[in-house]
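S.K.: model this:
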Amino acid sequence: MRSKLETMIGRAAVVLLCSGGLAVSAAMAQSDAPPPPPQGQQGPPPPHGQGGPGGRWGGGPEHRVEHLQKALNLSSDQTAQVKALFESSRTQMEALRSNDSLTRKDMRTQGEAIHQQEEAKLEALLTPDQKTKYETMRAKERERMEAHRGDRGGPGGPPPPPPPPVQ
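M.R.: Reported below is the predicted structural model:
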């Protein structure tokens, strides 16, 4: 016959095994879904091109305006004009993206034209001091992008690594 101590140890071992099994099954049952967004955020981030992945201007035109307002010390009149300009450009870009009849090359060319028009109109709204600050900001951004392209093997950067050998 088993002693009381052996019975207690056996029961403890069964409890530990069951607890471990429950912990493992609970861990495996968790979904791969991302956690819910923090309070104040709603839904997924906007798609690429609207401040989405990789975009410096996360949050769309409002965030871009806020950034420029702080960086360039825009007046309230300038802020309103810049916001209207960014909204107009965004609308044009969305219409461009939804046009299925264009080739990628045409879409890129027209998108660059919209961007150049936006830049010209923005610079026309700025004072000479603000233009200088804005050009400095743009130069730093171009440097950052060139460095990033170099990391990816883009123009001016090292070639991408060769694919792994097939076995």
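
S.K.: I figured Gln69 was touching Gln81, is that so?
M.R.: No. Counting by C-beta atoms under 8 Å, Gln69 sits too far from Gln81 to count as a contact (11.5 Å). Glycine gets a C-beta too; all of them are placed from N, C-alpha and C.

S.K.: so what sits against both of those two?
M.R.: By the contact definition C-beta atoms under 8 Å, 6 or more residues apart in numbering, Gln69 and Gln81 are jointly contacted by no residue.

S.K.: which stretch of helix or strand covers His63?
M.R.: Counting by DSSP states H and E, the element that carries His63 is helix 61-72.

S.K.: ok, residues contacting the helix or strand that that helix is followed by?
M.R.: Using DSSP H and E, the helix or strand that directly follows helix 61-72 along the chain is helix 76-98. When contacts are defined by C-beta under 8 Å, 6+ apart, helix 76-98 is touched by residues 49-50, 60-62, 64-65, 68-69, 74, 102, 107, 110-111, 114-115, 117-118, 121-122, 125-126.

S.K.: same thing but at 6 Å, please
M.R.: By C-beta atoms under 6 Å, 6 or more residues apart in numbering, the list of residues contacting helix 76-98 from outside reads 61, 64-65, 69, 110-111, 114, 118, 121, 125.
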